[in-house]
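Q: Show me how the following folds:
(4 chains)
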There are 2 protein chains.
Amino acid sequence: MPQARRKRSETAPGAATLHLTRFLPYRLSVLSNTVSHTVAKLYEKRFGITIPEWRIIAVLGGRETLSAGEIAQRTAMDKVQVSRAISRMLDSALILREAGDTDRRKALLTLTPKALDIYTQIVPLALAYEDQLTHALTEEEAALLDRLLTRMQAQADQLASAPEQRLPKT
Amino acid sequence: MPQARRKRSETAPGAATLHLTRFLPYRLSVLSNTVSHTVAKLYEKRFGITIPEWRIIAVLGGRETLSAGEIAQRTAMDKVQVSRAISRMLDSALILREAGDTDRRKALLTLTPKALDIYTQIVPLALAYEDQLTHALTEEEAALLDRLLTRMQAQADQLASAPEQRLPKT
DNA sequence: TTGCAACTGTTTCATATGAAACTAAACTGT
DNA sequence: ACAGTTTAGTTTCATATGAAACAGTTGCAA
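A: Below is the predicted model:
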C-alpha cells in the first residue's frame, strides 16, 4: 500500500512527504501491538504467564520435545529470551528439562501436565480471538490475507538480509 | 485467517490445537518486527535517531507544530515514550520547544532545520522500502490489503476495549 | 478567592530487553 | 590424542520500557 493514492514507483514530484497513518510499516506495528496486547490479556492475569512463556507453551503444546534452540527458531524469539523464559517456567513447574543423551549441550524440554492444562484452556480463547478479529473480513478476504501475509513475510525477509543493494534505486 | 483450513466458528472436535505459524496474532507480530527492524536500519546508524524519534520527526515533518500529547496520539506511542524522545531531541537540537501562550502546560514543538533535513533524506528511503515490500503484491492486492488492514485495526480496537463480553461465546 | 478536580508532562522505580562475553560440550583436522 | 573451531545455552551489562507517583497549570464551583 504505497502512500495515499500515489502509484507505486511513481517519482515524487517535489519534496516527498510521508503520512505515518498510511505508512505500511507503521500500520503493521500499530495493529500488531493492539492485537498482541489484547491476546496477552487473555492469559497474563489468569495464568500468570508472559508472552514468551505462552509462545513456548504453544509450540510444545502438541506434546513435542524440543531443545531451546529449536524453540527459538519456531517462536522467532532470540535465544536469550527463550533461555530466560525457560528458566522462569522451570521455577513455576511448567516445563521439564532433561539432558540430551547424544548431545549433553542440548536439553530436552517438555511441558508438565500443569502447562498442558493451561494450554488446553488458552487455545480456545486464542482461537476465538482470532475468529473475532477476522469477523471484520469475508471468508475470501481472510483467505487472501493469508496469502498476502505469507508473501509479504517472504519479501520482508529478503529485504532484511540485503536491503542496501535493492533500496537506493533513487 | 482461522486455523489451517478450519472454517470460522466451527466447533473444535476434540482438544483444540494451535499452530503458532498459522496464528494470525503471531504472524502479524513476526512480520511487524521484521519490517520495523529493517526500516530502523535505514536511519538508526546513518542519522543516529531511534524509532520513537523517527516517528516524531515523521509527524512533525509537515512543518506542523504540536504538543507532546498530540504527538503521542498521532504516533500511537505513550506519553512517557514521547517525553523521553523529545528530551533527547532537545539535546541533539532536533526539536524546538516553546511554551504555549494560552496554556502553559502545553509546550509547542517544532522541528529544527537539522531535523527537517533528516526528514527529507529519510522519507524517500522509507517510501522506497514500502514500495519494495509491496512488490510482492499486485496493485489490486495492495489496494485490498489497505482496506483489510483498516478494517482489522478497527475490529482490533473494538476487541481491545471490551474483549470479555464478546469472546467467551464458547 | 480559594479549594478541588482534571489535565499535561516529567520522574521514579522495577522489570524487560538485546548485544556481547562467557562456559561447557562436541566436532574437525592433523 | 589434542589444539582449534563451532555450537548450545547462560550470564553480564548497559539501555529501554511502562506503570505509577509526582509537580505544575488550568478550569470549575462554592
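
Q: could I get stretch A:73-82 in CSV with only the CA atoms?
A: The C-alpha trace of stretch A:73-82 is given here as CSV (Å, rounded to 0.1, in the frame of the first residue of the first chain):
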residue,chain,number,x,y,z
GLN,A,73,13.6,-20.9,15.8
ARG,A,74,9.9,-21.9,15.9
THR,A,75,8.8,-18.9,18.0
ALA,A,76,11.0,-16.4,16.2
MET,A,77,12.4,-15.3,19.6
ASP,A,78,16.1,-14.9,20.3
LYS,A,79,17.9,-17.5,22.4
VAL,A,80,18.4,-15.1,25.3
GLN,A,81,14.6,-14.6,25.6
VAL,A,82,14.0,-18.3,25.3
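
Q: any bit of it sitting next to chain B?
A: Yes - Stretch A:73-82 reaches chain B (Cβ under 8 Å from any Cβ of the partner chain) through A:74, A:75, A:76. Any C-beta I mention is one placed from the backbone N, CA and C, and that applies to glycine too.

Q: With stretch A:98-112 instead?
A: No - residues of stretch A:98-112 are not located near chain B by Cβ under 8 Å from any Cβ, the shortest gap being 13.1 Å.

Q: can you check stretch A:33-49 too?
A: Yes - Stretch A:33-49 reaches chain B (Cβ under 8 Å from any Cβ) through A:33, A:34, A:35, A:36, A:37, A:38, A:39, A:41, A:42.

Q: does the residue in chain A that DNA strand C sits nearest to count as helix, strand or coil?
A: Here chain A gets closest to DNA strand C at one residue, residue A:104, 3.5 Å apart by Cβ to the nearest atom of the strand. Secondary structure for residue A:104, judged by DSSP: H, G, I helix; E, B strand; the rest coil, is coil.

Q: Of all pairs in the residues of stretch A:33-49 next to chain B, which one is the farthest apart?
A: A:33 and A:42 (15.5 Å; Cβ to Cβ).

Q: higher neighbour count, those two?
A: residue A:42 (20 against 16; other Cβ atoms under 10 Å in any protein chain shown).

Q: Distance check, the more buried one against residue B:46.
A: 40 Å (Cβ to Cβ, to the nearest Å).

Q: And residue A:106, by the same measure?
A: Relative to residue B:46, and taking Cβ to Cβ, residue A:106 is found at 40 Å.

Q: Could you check which of those two is surrounded by more residues?
A: residue A:106 (15 against 12).

Q: shaky segments in chain A?
A: A:1-15, A:162-170 (pLDDT under 70).

Q: So which residues on chain A come close to DNA strand D?
A: Residues of chain A lying close to DNA strand D by Cβ under 7 Å from any atom of the strand are A:67-70, A:72, A:79-80, A:82-84, A:86-87, A:103, A:105-107.

Q: Between which two of these is the distance greatest?
A: A:84 and A:103 (22.0 Å).

Q: Settle it for me: which of these two has more neighbours?
A: residue A:84 (14 against 10).

Q: Can you tell me how far the nearest residue to that one once chain neighbours are set aside is from DNA strand D?
A: Leaving out its chain neighbours, the residue that sits closest to residue A:84 by Cβ to Cβ, 6 or more residues apart in numbering or on different chains is residue A:52, at 7.6 Å. Separation of residue A:52 from DNA strand D (Cβ to the nearest atom of the strand, to the nearest Å) stands at 12 Å.

Q: Check whether the strand or helix carrying residue A:52 comes near DNA strand C.
A: Using DSSP states H and E, residue A:52 sits in helix A:51-60. Yes - using Cβ under 7 Å from any atom of the strand, we find that helix A:51-60 touches DNA strand C at A:51, A:52.

Q: Okay, buried residues for that helix please.
A: Buried residues in helix A:51-60, counted by 16 or more other Cβ atoms under 10 Å in any protein chain shown: A:51, A:52, A:53, A:54, A:55, A:56, A:57, A:58, A:59, A:60.

Q: List just the nearest of those residues to residue A:131.
A: Nearest to residue A:131 among the buried residues of helix A:51-60, with distances taken as Cβ to Cβ, is residue A:58, at 16.8 Å.

Q: Now do the phi/psi pair for the spatially closest residue to residue A:89 that is not a sequence neighbour.
A: Leaving aside its sequence neighbours, residue A:89 sits nearest to residue A:95 (Cβ to Cβ, 6+ apart; 4.1 Å). Main-chain dihedrals, residue A:95, degrees, to the nearest 10: phi -140, psi 150.
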